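**Student:** quick check, what structure comes out for this input:
(one chain, ligands or ions: 2)
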Amino acid sequence: MPTILAIESSCDETAAAVVCDRHILSNVVSSQIATHALYGGVVPEIAARQHVETINLAIAQAHRESGKTWAEIDGIAVTTAPGLIGALMVGVTAAKTLAMLHKKPLIAVHHLEGHICSALLADPTLEPPFLCLLVSGGHSSIILVKDYTDYQVMGKTRDDAAGEAFDKVARLLGLGYPGGPAIDKIAIAGNPKAYKLPQGRIADFPYDSSFSGLKTAVLRLTQKLSPNGEPLPIADIAASFQEAVAAALSTRTIKCAIAHNLSTIVAVGGVAANSVLRSRLVSMAADHDLRAVFPPLSLCTDNAAMIGCAGAIHLARGETSPMSIATRSRLNLEDCQSLYRQGA
Ligand code: KG4
Ligand code: ZN
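**Tutor:** Ligands and ions are numbered 1, 2, ... in the order given. Predicted coordinates for the structure are as follows:
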């Protein structure tokens, strides 16, 4: 049961955590959202600079709150890909420094594998195979988790990620950044059946999605409803948009699970915090006798505990990364084994 100190800095959260196997000992997340909200989205250069200012404090706090000595820490895990290069480099530099200083193995982690592992933190009894709906600001995929670290992408978005669609529609409705939580909140007062919006199906690819058409449909709707700047029924539009995304993602996930004989589905990533998506998945899973697992809201968005959980799995398998490991803005999840010493 390895104890791992983990660091995550791939986007706009500076995060550090200590986990023992699948159990969280400390979990520190310093969010930059308030700063980026001023610009309506994440500004990469500002993200990197803020990580520099915060990372040492986050690591020190996570270490202190874990109650573990350095001697009790078995490895340092860090997100090395995918993400914003400048942001990733801050976390990776900190992790390499700690690994060298305290003579610990370095374990590079793929950010999406981290998100998948957030489900293991939510339910430590969870075992593969299971189907994972991974929906965040940058990704929107349905992934077959065949074994730990063995993934097959069954469906993906052809254009915008689900979170990106939430953020763009929220901007269109004047709801600010990040859009997901804002839409989730205002939609409570709206009618999800007020407007019928497209669910972004792709012919012959039942598990793929396209969210850019949905975003354009919302734009057209707002132009039609308010040709001369009349006030918009924002709650109804938000609820109808959220309904379309939740119905699209939950239907595709459940269909895929049934087609591949999987009895467990999990939903992870920032958009998995969405209240309507969660309740839709829970009720559809129950209808089909499937088990549904979700991380708590705090583990849906970016955090280092999920990176630590992935790091513990790799370290237990003897998989560690060379000090020369580089950051990468893109890396397919299926290629995450390339992060470890070959022949390990
Ligand atoms: O996983 P995450 O923190 O970062 C990435 O790796 O991208 O996801 C952030 C995304 C944002 O697009 C945000 O709008 C969305 O997750 N999000 C939500 C909710 N909370 C966060 N989307 C819908 N409903 C929510 N409640
Ligand atoms: Zn993420």
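**Student:** what are the ranges of the strands in the stretch 201-344 of the chain?
**Tutor:** 264-268, 291-293 (DSSP state E, counting those that start in this stretch).
**Student:** and those strands: which comes nearest Met154?
**Tutor:** With C-beta to C-beta as the measure, strand 264-268 is the member of the strands of the stretch 201-344 of the chain nearest Met154 (11.8 Å). For glycine as for every other residue, the C-beta is placed from the backbone atoms N, C-alpha and C.
**Student:** what is the neighbour count of Ile142?
**Tutor:** Ile142 has 25 neighbours, counted by other C-beta atoms under 10 Å.
**Student:** list the buried residues for the strand or helix carrying it?
**Tutor:** Secondary structure assignment for Ile142, by DSSP states H and E: strand 140-147. For strand 140-147, a neighbour-count test (16 or more other C-beta atoms under 10 Å) marks Ser140, Ser141, Ile142, Ile143, Leu144, Val145 as buried.
**Student:** possible to save the strands of the stretch 201-344 of the chain as JSON lines with mean neighbour count and mean pLDDT?
**Tutor:** As requested, the strands of the stretch 201-344 of the chain are exported to JSON lines (neighbours: other C-beta atoms under 10 Å; pLDDT from 0 to 100):
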{"stretch": "strand 264-268", "mean neighbour count": "26", "mean pLDDT": "98"}
{"stretch": "strand 291-293", "mean neighbour count": "18", "mean pLDDT": "97"}
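**Student:** quick one: closest of the ones you listed to Ala77.
**Tutor:** Across the strands of the stretch 201-344 of the chain, closest to Ala77 is strand 264-268 (C-beta to C-beta), at 17.3 Å.
**Student:** if we can go back for a sec, just the closest of the buried residues of strand 140-147 to ligand 1, please.
**Tutor:** Closest approach to ligand 1 among these (C-beta to the nearest ligand atom): Ser140, at 9.9 Å.
**Student:** report the beta-bridge partner residues of that closest one.
**Tutor:** Ser140 forms beta bridges with Val135, as assigned by DSSP bridges.
**Student:** tell me the mean pLDDT over the strand holding Ile142?
**Tutor:** If you average the pLDDT over strand 140-147, you get 97.
**Student:** so, in contact with ligand 2 or not, that strand?
**Tutor:** No. Using C-beta under 5 Å from the ion, strand 140-147 never reaches ligand 2; the gap is at least 11.6 Å.
**Student:** which SS class is whatever residue of the stretch 51-200 of the chain ends up closest to ligand 1?
**Tutor:** For the stretch 51-200 of the chain and ligand 1, the shortest gap (C-beta to the nearest ligand atom) falls at Gly180, measuring 2.0 Å. What DSSP: H, G, I helix; E, B strand; the rest coil gives for Gly180 is helix.
**Student:** buried residues of the lengthiest helix in the chain, list them for me.
**Tutor:** If you go by DSSP state H, the chain has its longest helix at helix 234-259. Of the residues in helix 234-259, 234-257 count as buried by neighbour count, 16+ other C-beta under 10 Å.
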